[in-house]
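Visitor: return a 3D structure for these sequence lines:
(one chain, ligands or ions: 1)
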Amino acid sequence: LVNIIDQYGEQAMHFDAAEARLSGRIARLKPSLVREILAAATRPGTISFAGGLPAADLMPPLPIDAVADPSLYQYGATEGEPAYREAVADWIGESGLEVAASQVLPLGGSQQGLDLAAKLLVDAATPILTEAPTYLAALQVFQLFGADIATVSVNAVGPDLDQLEQRLARHKPAAIYLVPTFQNPAGTCYDLAARRAVAALLDRHGTLLIEDDPYRAVSLDLENPPVPISALLRSAPWIYLGSFSKILWPGWRIGYLAARQDLMPHLIVLKQASDLHTQRPAQLAVSRWLRGGGRAEHVERLRAGYRLRRDAMQSALCRHFGDIAEWQVPPGGLFFWVRLRRHQATRQLLAQAMDKGVAFMPGEAFYPGPTPPREHLRLNYSHATPEQMERGVSILSALVRDGA
Ligand SMILES: Cc1ncc(COP(=O)(O)O)c(C=O)c1O
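Guide: As a prediction, the model looks like this:
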């Protein structure tokens, strides 16, 4: 693991692309620190705050009987199963974004939507705007395709609007990638005023929005998060990504995108080139779940379970980090974003923490630039038990104090 952590800071993996006749983009391929830490974090006895693993005990049983239909054994359409597209269009509609079934494309997880969006939009040096910090696997995809990434900073209720306006005017990005609802890693949820202001700016500049919204249902303090920004756009194009990973079964790899109608033909062909179609049993099972009874109860149980864990993490942090760090209580999503007051580099803590059986994500992985802020930890609260949280957070606090 120490090796992995050390190598991670380097610009790229050391393939000799010319000798192996690999594509030029392979030189831009970065190993994902998350995957490597996750692999190490599954060692027995490790307390993991590292990944975004939903709680297994809050997942409903897989509806195997619902998918035993032999007609599902056959290939299906790239566009997806009509029942899934219709049920997902209604589900998205509940958020306030009205879409037709023909605007929905099933995905093997919303991560696939990032890949398709990058293939649609990004050539070498294409300017892309993201939040800072932002979801690191999105950075990984955009950078793989050669994006030139500029960032905009975000406060507790939305982005710095002056900075956003400036970046849109100066960089003329081909797209902006935002996670406005319980962001990974920072937990931020834009308020309605910020969403309206962002939509107005994107309309004015004609900038395409990629809105990533996997945590909307994991809302702990708001009954309903504000409407997606995609619903507030009048003229700018948009791609909206969603997922069932955080409320049902992430291992089943099922998500979706919806997009402005004119983008759909391109996205469907890109999807076809990628994997022909999304697995049909998952589409059928999820559409039955969406249409069946018990959905609201499941989401309520999930929220109640996560609220308990979030509050347990908050108590542990107050006890052990109160005088050495600052953070906001996340109103939803799966993470605390903690900043050390003394600006210690958290990546340096990781190897020692792993030696003591505690895994977390160093914050620098969530910034695209060469000199990222280094003093953040991203701590997941959905996976560990309250006892593990208490123990793990106290170990981390002792390491921070030793290193100060
Ligand atoms: C912001 C964000 N987007 C996308 C994903 C990918 O989710 P999926 O399992 O649907 O591929 C994640 C997963 O953690 C995420 O945090």
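Visitor: tell me how many other residues crowd the closest residue to Gly158 other than its chain neighbours.
Guide: Counting by CB to CB, 6 or more residues apart in numbering, Gly158 lies nearest to Ala194, which is 2.5 Å off, once chain neighbours are set aside. Where C-beta positions appear, they are placed from N, C-alpha and C, glycine not excepted. Counted with other CB atoms under 10 Å, the neighbours of Ala194 add up to 22.
Visitor: what packs against the helix or strand harbouring Ala194?
Guide: Element membership for Ala194 (DSSP states H and E) is helix 192-205. On a contact count with 3 or more CB pairs under 8 Å, 6 or more residues apart in numbering; DSSP states H and E, helix 192-205 meets strand 158-159, helix 161-171.
Visitor: need the residues that contact the very next helix or strand once past that helix.
Guide: Once helix 192-205 ends, the next helix or strand along the chain (criterion: DSSP H and E) is strand 208-212. Contacting residues not belonging to strand 208-212 are listed as 110, 113-114, 117, 121, 135, 138, 174-180, 202, 228-230, 233, 236-241 [CB atoms under 8 Å, 6 or more residues apart in numbering].
Visitor: helices or strands up against the following helix or strand past strand 208-212?
Guide: Using DSSP H and E, the next helix or strand after strand 208-212 towards the C-terminus is strand 238-243. Where contact means 3+ CB pairs under 8 Å, 6+ apart, strand 238-243 is packed against helix 82-93, helix 110-121, strand 208-212, strand 255-259.
Visitor: distance of the nearest residue to Ile47 once chain neighbours are set aside from the ligand?
Guide: Closest residue to Ile47 apart from its sequence neighbours, by CB to CB, 6+ apart: Gly392 at 3.9 Å. Distance, Gly392 to the ligand, using CB to the nearest ligand atom, to the nearest Å: 20 Å.
Visitor: tell me the SS of Gly392?
Guide: At Gly392, secondary structure determined by DSSP: H, G, I helix; E, B strand; the rest coil is helix.
Visitor: just give me the neighbour total for it.
Guide: So Gly392, with other CB under 10 Å, has 26 neighbours.
Visitor: what residues does it make contact with?
Guide: Gly392 touches 47, 49, 316, 358, 384, counting by CB under 8 Å, 6+ apart.
Visitor: any idea how far Gly113 is from it?
Guide: In this view, Gly392 and Gly113 are 32 Å apart by CB to CB, to the nearest Å.
Visitor: cool, and Tyr73?
Guide: On the measure of CB to CB, Tyr73 and Gly113 end up 26 Å apart.
Visitor: so between those two, which is more surrounded?
Guide: Higher neighbour count among Tyr73 and Gly113: Gly113, with 29 against 8, using other CB under 10 Å.
Visitor: tell me the pLDDT of that one.
Guide: Per-residue pLDDT puts Gly113 at 98.
Visitor: correct me if wrong: it contacts Leu107.
Guide: Yes - counting by CB atoms under 8 Å, Gly113 does reach Leu107; the two are 5.2 Å apart.
Visitor: now do the shared contacts for those two.
Guide: 241, 255-257.
Visitor: count the neighbours of the closest residue to the ligand within the stretch 1-150 of the chain for me.
Guide: For the stretch 1-150 of the chain, the residue closest to the ligand is Gly109, as judged by CB to the nearest ligand atom, at 2.7 Å. For Gly109, the count of nearby residues is 20 (other CB under 10 Å).
Visitor: then the one 10 residues further on?
Guide: Lys119 has 16 neighbours, counted by other CB under 10 Å.
Visitor: ditto for Met264
Guide: By other CB under 10 Å, neighbour count at Met264 equals 19.
Visitor: one more: Asp203?
Guide: 15.
Visitor: could you number the chain from 575 rather than 1 from now on?
Guide: Sure, I'll start counting at 575 from here, so that last one is Asp777.
Visitor: OK, contacts around it?
Guide: 807-810.
Visitor: ok, now which ones touch Asp787?
Guide: Asp787 neighbours (CB under 8 Å, 6+ apart): 669, 753-755, 802, 814-816.
Visitor: if you set the cut-off to 6 Å instead, what comes out?
Guide: Residues near Asp787 by CB atoms under 6 Å, 6 or more residues apart in numbering: 755, 816.
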